[in-house]
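Trainee: Everything below, folded, please.
(one chain, ligands or ions: 2)
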Amino acid sequence: MFATLVVGFSLGLGLQTLPFVNGAVITDPLLASNKTFDYIVVGGGLAGLTVAGRLSESASITVLVIEAGSDNRQDPRVYDIYRYGQAFQSELDWSYPTDQKKSIRAGKTLGGSSSINGAAWTRGLKQQYDSWIQLLDPADAGSGWDWNGMFSYMKKVSSPLLSPSFLTSSASLMNLAQAEAFSAPNSGQKAKGANSIAAYHGTVGPVQVTFPDLMYGGPQQPAFASAMVKLGLKKYKDLNGGTPNCVSFTPNSINPHDQDHRSSSATAYLSPVESTRTGWTTLVGQQVTKILFSPSTILPRVATGVQFGTASGQRYTAHARKEVILAAGSIGSPALLQLSGIGDATALSKLGIPSIIDLKTVGKNLQEQTLNSVGAGGTNFNFGGSGPSDVIAYPNIYELFGSNAATVVASIQNSLSSWASSQAGSALSAAALQTIYKVQANAIINDKAPVAEMFYNNGSPAKIGLLIWQLLPFSRGTVSIISSNPFTKPQTNVNYFSVDFDLTVQVGVARMARRVFQTAPLSTLSTGETIPGFKNVPDSAVHGSDADWRKWIRSHFFPEVSASWILKLLVYDTKNVRVVDASVMPLQVSAHLSSSLYGIAEKAADIIKSAQ
Ligand SMILES: Cc1cc2nc3c(=O)[nH]c(=O)nc-3n(C[C@H](O)[C@H](O)[C@H](O)COP(=O)(O)OP(=O)(O)OC[C@H]3O[C@@H](n4cnc5c(N)ncnc54)[C@H](O)[C@@H]3O)c2cc1C
Ligand SMILES: *[C@@H]1O[C@H](CO)[C@@H](O)[C@H](O)[C@H]1NC(C)=O
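Mentor: Ligands and ions are numbered 1, 2, ... in the order given. As a prediction, this is how the structure comes out:
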């Protein structure tokens, strides 16, 4: 959108005398080539733009963001939430390949996955954030990596690290260290079932969150919620206060002040300030191919900048005075570290990449979820709106397995050590993984963290649709580059269902979906289950046999995006390479991730500011 500005510079002035380009989104690599910035942020996605937006609040700081995708904010596949899915497998989607043939979706565009995601806005269970502290590197386990700390950044409290001058500057509302600007439901939306608790939300952050203006008003969503209550779940007014174990109406990251268009990290953090923010430059259409280090091999290693380019074009260099900040996503960031010589030295040497730091955890401990779509027919259906859908149920293990829960719980308790051994190849070691598993098992068994999500989806894949997935898998995977060519996509081994418990949970939630279709008042709207249907998974006293469900689930699932692998912000044995994206979440939370990731990135920005 600032092409004119940039072209103006390029035509009017010789290359040597180009002024520094402030605030703009640029496409010309020469404008960043051989220049020095305080910070270089790799990836202009959710975390990258959040961190860059905060760091550049100080007029004396220069930040270069390099984004591999283009600036597609004006593309309806991006801004129009009703076109969700149209970006998949297009040039806006990395479509990272996996070992099981199904590719993983990830946004390759300004805003990253926040520009193509489903915009559901939820947070995990309070105790899940509190448990992070047990897993973090002692150096990072300082104040605030817990629910209270994260909740502040996800929504409310302004940071003490910000000087008062920020608060009185022209874009003052941007400058509180909170991510969310929530607009509570109006009476019309309330009549359709929406609700909220004011204390659970921020109001002056950049990310717009609300219920859709065209919210579904038919009987379907309330009927689903009522039927879930009959199956034993509590119904909450609002689940965004650290209490997701319930069925609840949930809002979306869309902007009520802009026709309900998507509120992405790009429209939230960049658009409002891009013409005024001195010091922030965003280069799009260029991929970072390597982190560059100073020649001294004394640890910690010092990054000096990055190399970037396109598959067919030449390579350029930009220099970083302070830090190189990785925000390329949970697949892009480990791949770039490996390309730069940070990873398993033996594996990298086979690709001809000299080792900078032999760090075996890079790309390990990947956690991916698995999703199935199920559905039932309906007659004379009037949805009473356009959506998007906004009711979610998050059952815990006791609700999911009922009278079988004790058996399932015992199987977790008895299996942690054998699961850890079986997944050790995707972790630092079996012992390290077992430590993580213990925290995960405690959340599931004692804190009743939701183990599955049931996302009510009006009209897809059937009139009454449900997207169901297990949230806290024990299977672990890896991300590895397979070539020293940065434009060859990395290989992701997801190992879905390699811990059988994950499939057990998916069967459990599939059965619960079948039962809810048969439970009033939802059943009164339904002509019966069509997907998978009794032909594919015959009904029975236990709502379908294990064998039939397992077979169907395995042949019909899709990968759900989420992965974390590094467990800390500063990369070991480097002085100034940070990771701030989804890679750093110590353990999955029972939620859609964006709200939590905005909180992590907001906090990371404060940590980076205070490190100077
Ligand atoms: C299809 C889909 C649906 C989702 N639905 C929801 C939802 O409904 N609600 C929710 O809360 N969350 C949802 N999410 C999850 C959420 O959007 C992501 O977890 C989040 O955006 C991840 O943030 P990130 O900063 O880690 O990565 P991203 O936002 O993906 O950003 C990474 C950026 O880095 C860029 N990049 C990668 N490699 C390089 C390189 N070498 N050089 C330069 N740039 C590079 C990428 O192009 C991208 O822009 C969804 C995600 C997807 C993919
Ligand atoms: C960047 O600097 C290097 C080393 O001085 C030089 O060889 C190269 O031509 C410069 N690149 C650009 C695009 O200016």
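Trainee: which parts of this structure sit against ligand 2?
Mentor: Within the chain, the positions near ligand 2 by C-beta under 6 Å from any ligand atom are Leu30, Ser33, Asn34, Tyr316. (Glycine included, C-beta is placed from N, CA and C.)
Trainee: Just the pLDDT at the second one, thanks.
Mentor: Turning to Ser33, the model gives it a pLDDT of 98.
Trainee: Likewise for the last one?
Mentor: In this prediction, Tyr316 carries a pLDDT score of 98.
Trainee: That one and ligand 1, how far apart?
Mentor: 12 Å (C-beta to the nearest ligand atom, to the nearest Å).
Trainee: same question, the second one
Mentor: Distance from Ser33 to ligand 1, counting by C-beta to the nearest ligand atom: 15 Å.
Trainee: re the thing from before, neighbour-wise, which of the residues of the chain next to ligand 2 leads?
Mentor: Neighbour counts for the residues of the chain next to ligand 2 (other C-beta atoms under 10 Å) peak at Tyr316, which has 20 neighbours.
Trainee: what packs against the helix or strand harbouring it?
Mentor: For Tyr316, the element it lies in under DSSP states H and E is strand 315-326. With contacts defined as 3 or more C-beta pairs under 8 Å, 6 or more residues apart in numbering; DSSP states H and E, strand 315-326 has these neighbours: strand 36-42, strand 287-293, strand 303-309, helix 329-339, strand 577-579.
Trainee: Tell me if the third one is near ligand 1.
Mentor: Just to be clear, that refers to strand 303-309. No. Legend: contact between strand 303-309 and ligand 1 by C-beta under 6 Å from any ligand atom is lacking; minimum distance shown is 6.9 Å.
Trainee: strand partners of that strand, parallel vs antiparallel please.
Mentor: strand 287-293 (antiparallel), strand 315-326 (antiparallel) (DSSP bridges).
Trainee: what's the angle between the first one and strand 36-42?
Mentor: Read it as strand 287-293. 120 degrees (axes from the mean of the first three to the mean of the last three C-alpha atoms, to 10 degrees).
Trainee: do the longest one as well
Mentor: Taking the same axes, to 10 degrees, strand 315-326 and strand 36-42 form an angle of 70 degrees between their directions.
Trainee: Quick check: buried residues in strand 315-326?
Mentor: By neighbour count on 16 or more other C-beta atoms under 10 Å, the buried set for strand 315-326 is Tyr316, Thr317, Ala318, His319, Ala320, Lys322, Glu323, Val324, Ile325, Leu326.
Trainee: residue of the chain with the smallest distance to ligand 1?
Mentor: Gly45 (1.7 Å; C-beta to the nearest ligand atom).
Trainee: tell me the mean pLDDT over stretch 440-452?
Mentor: Rounded mean pLDDT across stretch 440-452 is 98.
Trainee: Numbering from 422 from now on, please.
Mentor: In the new numbering, first residue 422, that becomes stretch 861-873.
Trainee: So what would you say the end-to-end distance of it is?
Mentor: From its first residue to its last, stretch 861-873 covers 14 Å (C-alpha to C-alpha, to the nearest Å).
Trainee: How far away from the center of its chain is that stretch?
Mentor: 20 Å (C-alpha atoms, centre = their mean, to the nearest Å).
Trainee: Run through the residues of this structure sitting next to ligand 1.
Mentor: So far as C-beta under 6 Å from any ligand atom goes, the chain lies against ligand 1 at 463-469, 487-490, 526-529, 533-535, 537-541, 708-709, 748-751, 753, 757, 982-983, 1002-1003, 1013-1016, 1018.
Trainee: So which of those residues sit within strands?
Mentor: Using DSSP state E, Val463, Ile487, Glu488, Gln708, Val709 are the members of these that sit in strands.
Trainee: what about the closest residue to Thr688 other than its chain neighbours, neighbour count?
Mentor: Spatially, and ignoring its direct neighbours in sequence, Thr688 is nearest to Arg494 (6.3 Å; C-beta to C-beta, 6 or more residues apart in numbering). Arg494: 20 surrounding residues under other C-beta under 10 Å.
Trainee: can you pull the contacts of Arg494?
Mentor: The contact partners of Arg494, by C-beta atoms under 8 Å, 6 or more residues apart in numbering, come to Met422, Tyr500, Leu531, Gly532, Ser536, Ser685, Ala687, Thr688, Ser692.
Trainee: gap between the nearest residue in space to the last one that is not next to it in sequence and Leu1014?
Mentor: Read that as Ser692. Nearest non-adjacent residue to Ser692, counting by C-beta to C-beta, 6+ apart: Arg494, 7.0 Å away. In this view, Arg494 and Leu1014 are 22 Å apart by C-beta to C-beta, to the nearest Å.
Trainee: ok, now Phe802?
Mentor: 32 Å.
Trainee: before we move on, what about Ala600?
Mentor: For Ala600, the distance to Leu1014 - C-beta to C-beta - is 13 Å.
Trainee: Give me the below-cutoff pLDDT ranges for this protein.
Mentor: By pLDDT under 70, the low-scoring segments of the chain are 422-444, 560-564, 577-598, 801, 982-984, 986-988, 1033.
Trainee: any chance of the buried residues of strand 736-747 in TSV, plus distance to Ile554?
Mentor: Shown next, in TSV, are those (distance: C-beta to C-beta, whole Å):
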residue	distance to Ile554
Tyr737	41
Thr738	39
Ala739	36
His740	36
Ala741	30
Lys743	27
Glu744	24
Val745	27
Ile746	23
Leu747	23
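Trainee: Just name the closest of these to Trp553, please.
Mentor: Using C-beta to C-beta, Leu747 comes nearest to Trp553 of the buried residues of strand 736-747, at 19.4 Å.
Trainee: For the closest one, which residues are in contact?
Mentor: Applying C-beta under 8 Å, 6+ apart, we find Leu747 in contact with Val463, Gly464, Ser754, Leu757, Leu758, Val992, Val998, Arg999, Val1000, Val1001, Asp1002, Ser1004.
Trainee: Excluding residues flanking it in the chain, which one is nearest Gly545?
Mentor: Val1010 (2.6 Å).
Trainee: Equivalent analysis for Gln790, please.
Mentor: With C-beta to C-beta, 6+ apart, the residue lying closest to Gln790 is Glu981, at 3.7 Å.
Trainee: From ligand 2, how far off is the one you found?
Mentor: 41 Å.
Trainee: That residue contacts Asn793, correct?
Mentor: No. Between Glu981 and Asn793 there is no contact under C-beta atoms under 8 Å: 10.1 Å.
Trainee: got the contact list for the closest residue to Asn661 other than its chain neighbours?
Mentor: Using C-beta to C-beta, 6+ apart and skipping the chain neighbours, the partner closest in space to Asn661 is Tyr621 (4.5 Å). Tyr621 makes contact with Lys576, Asp659, Asn661, Gly662, according to C-beta under 8 Å, 6+ apart.
Trainee: Between all of the residues you listed, which two are separated the most?
Mentor: Lys576 and Asp659 (11.9 Å).
Trainee: And stretch 645-663, what's buried?
Mentor: 645-649, 652, 654, 656-657, 659-663.
Trainee: Serialize the residues you listed to CSV and add fields for secondary structure.
Mentor: Below are these laid out as CSV (DSSP: H, G, I helix; E, B strand; the rest coil):
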residue, secondary structure
Phe645, helix
Ala646, helix
Ser647, helix
Ala648, helix
Met649, helix
Leu652, coil
Leu654, coil
Lys656, strand
Tyr657, coil
Asp659, coil
Leu660, coil
Asn661, coil
Gly662, coil
Gly663, coil
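Trainee: and which of those residues is nearest Ile675?
Mentor: Asn661 (15.3 Å).
Trainee: Verify the contact between that closest one and Leu546 for me.
Mentor: No. Look at Asn661 against Leu546 with C-beta under 8 Å: they stay out of range, at 11.6 Å.
Trainee: In space, what's closest to Gly823 - neighbours in sequence excluded?
Mentor: Gly653 (7.8 Å).
Trainee: I meant Asn538, not that one.
Mentor: Per C-beta to C-beta, 6+ apart, closest to Asn538 is Ser1015, 6.5 Å.
Trainee: residues in contact with that neighbour?
Mentor: Leu467, Ser535, Asn538, Trp542, Ser674.
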